[in-house]
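Peer 1: please work out how this folds:
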Amino acid sequence: MLTFVKTHFKKTFAISISIGLGLVFLYSAYTKLVPVIETFEFTFIDIGIANWYTAPIIARLLIALEIFVGVLLIANYRLKKLSLPLTIGLLLFFILYLIGTMLVSGNSVNCGCFGEHHHMSPLQAIVKNLIMIAGALIVYFLYEGWSAKMNALILSLTAVSVCILPFIINPIDYTYSSNNLEEKVNYPLPLELLYQPEDTAKVEVPKVELRKGKQVLAFLSLTCSHCRIAAKKFRLIKKENPGIPIYFVLNGDKKNYLPFINDTKADNIPSSFCLGKSFVQLASAQLPRIYYLNNGVVVKKVDYFELNQYQIEAWLAETK
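Peer 2: Predicted coordinates:
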């Protein structure tokens, strides 16, 4: 009787841990995928293992793998032979990826393990993954899991379904159409509001000359989540091609500047503050507001998700 109780307890304990691990994988996949996947995509570009076209594919395939592992763990399916080795292998891969992130960006950056929902440093994520590996090892030595007669069919259908899922929930679109295309362009932006401000306490004169030549000018709020995503993307574009002329005009309480920089790491891009009505006159209420300027004239407006390094480079190369 005592042996039966011990065996039953071990089995129940192992099943509970396995389900818990599976739920963590599913939640991790969800937070990366919804509402934005861009920040997760950016990390692969940042550490140099992908470009702007391959990163969206890699990100979705890894999320699919997380969902697949989560489903297997919750189902307690062939734990020793399949689910747990796959779990430990994926966690070890993430640890190596996190070490690479630390080497490239330091430990203060958001690792992206839970997307934009919960910020976690790479070191914290490594500790989390080590704890999950320990949990997987406990399950490995306590419970075999179950297997079905039609193993190959069940596994194949699950794998294919899960692989497609991230591409359906958050599809890749390489041909974005801007929400701003219907707005007027080819008009001079009133940059005198920046260079000849009425209130110098609210408006800083830009550190560069924006009225001459081609410039990419972004108006960002320090606390706007979409602005932060845009800043992260701009940082990578500038990192990939330092010659691209990008400038930020920032709005918000200056005490929020350091948290903004700590999150976006966009200190490689020159910026200045513009507060009050001047900012609204230049940027309107929809943020982030991104302009392509040619000698102070707005020739194009883009959304943050439409930003494309290669298109900017092509525009800069145009002679007209």
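Peer 1: for the protein, what spans make up the helices?
Peer 2: Ranges of helices within the chain are 2-33, 38-46, 55-75, 84-105, 122-142, 151-169, 192-195, 225-240, 257-264, 277-283, 309-317, based on DSSP state H.
Peer 1: pull out the buried residues from the last one.
Peer 2: In this case it means helix 309-317. Going by neighbour count (16 or more other CB atoms under 10 Å), the buried part of helix 309-317 is 309, 312, 315-316. (C-beta placed from N, C-alpha, C; glycine too.)
Peer 1: so how many other residues sit close to the closest residue to H119 other than its chain neighbours?
Peer 2: Once flanking residues are discounted, H119 sits nearest to N110: 4.4 Å by CB to CB, 6 or more residues apart in numbering. By other CB atoms under 10 Å, 24 other residues sit near N110.
Peer 1: centre-most residue in this structure?
Peer 2: T39 (1.0 Å; CA atoms, centre = their mean).
Peer 1: what residue spans form the domains of this protein?
Peer 2: 2-169, 187-317 (automatic domain parsing).
Peer 1: OK, contacts around the residue nearest to R235 when sequence neighbours are not counted?
Peer 2: Of all residues not flanking R235 in the chain, A266 sits nearest, at 4.2 Å (CB to CB, 6+ apart). Listed by CB atoms under 8 Å, 6 or more residues apart in numbering, the contact set of A266 reads 231-232, 234-235, 238, 248, 260.
Peer 1: out of those, what pair is the most spread apart?
Peer 2: Pairwise distances across the contacts of A266 peak at 15.8 Å for K238 and F260 (criterion: CB to CB).
Peer 1: circling back to that earlier point, G115 versus the residue nearest to the centre of the chain, what's the distance?
Peer 2: Distance, T39 to G115, using CB to CB, to the nearest Å: 7 Å.
Peer 1: same check, this time on N256
Peer 2: Distance from N256 to G115, by CB to CB: 21 Å.
Peer 1: then V208?
Peer 2: From V208 to G115 the distance is 33 Å (CB to CB).
Peer 1: and the two? Which one has more around it.
Peer 2: Legend: neighbour count by other CB under 10 Å for V208 and G115, higher for G115 (22 against 14).
Peer 1: tally of neighbours for the residue lying closest to the more buried one once chain neighbours are set aside?
Peer 2: Closest residue to G115 apart from its sequence neighbours, by CB to CB, 6+ apart: T31 at 4.0 Å. A count of neighbours around T31, defined by other CB under 10 Å, yields 18.
Peer 1: OK, contacts around T31?
Peer 2: Contacts of T31 by CB under 8 Å, 6+ apart are 114-118.
Peer 1: at 6 Å instead, please
Peer 2: Residues counted as contacts of T31 (CB atoms under 6 Å, 6 or more residues apart in numbering) are 114-115, 117.
Peer 1: reformat those residues into TSV and put pLDDT next to each item.
Peer 2: Shown next, in TSV, are those (pLDDT from 0 to 100):
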residue	pLDDT
F114	86
G115	80
H117	78
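Peer 1: need those residues in TSV with distance to I290, can you?
Peer 2: Output for those, formatted as TSV (distance: CB to CB, whole Å):
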residue	distance to I290
F114	27
G115	23
H117	25
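Peer 1: out of these, the closest to I126 would be?
Peer 2: Once CB to CB is applied, the member of those that ends up nearest I126 is F114, at 14.2 Å.
Peer 1: re earlier: between the domains of the chain, which gets the lowest average pLDDT?
Peer 2: Mean pLDDT is lowest for domain 2-169 among those, at a mean of 87.
Peer 1: chain center to that domain, what's the gap?
Peer 2: Relative to its parent chain, domain 2-169 has a centroid offset of 17 Å by CA atoms, centre = their mean, to the nearest Å.
Peer 1: before we move on, what about stretch 305-312?
Peer 2: Stretch 305-312 sits 16 Å away from the centroid of its parent chain (CA atoms, centre = their mean).
Peer 1: can you show me the CA trace of it as PDB?
Peer 2: The C-alpha atoms that make up stretch 305-312 are tabulated as PDB, following Å, rounded to 0.1, in the frame of the first residue of the first chain:
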ATOM      1  CA  PHE A 305       6.300  48.800 -38.900                       C
ATOM      2  CA  GLU A 306       6.900  49.900 -42.500                       C
ATOM      3  CA  LEU A 307      10.500  51.000 -41.700                       C
ATOM      4  CA  ASN A 308      12.900  49.200 -44.000                       C
ATOM      5  CA  GLN A 309      16.600  49.700 -44.000                       C
ATOM      6  CA  TYR A 310      17.000  48.700 -47.700                       C
ATOM      7  CA  GLN A 311      14.300  51.100 -48.800                       C
ATOM      8  CA  ILE A 312      15.800  54.000 -46.900                       C
END
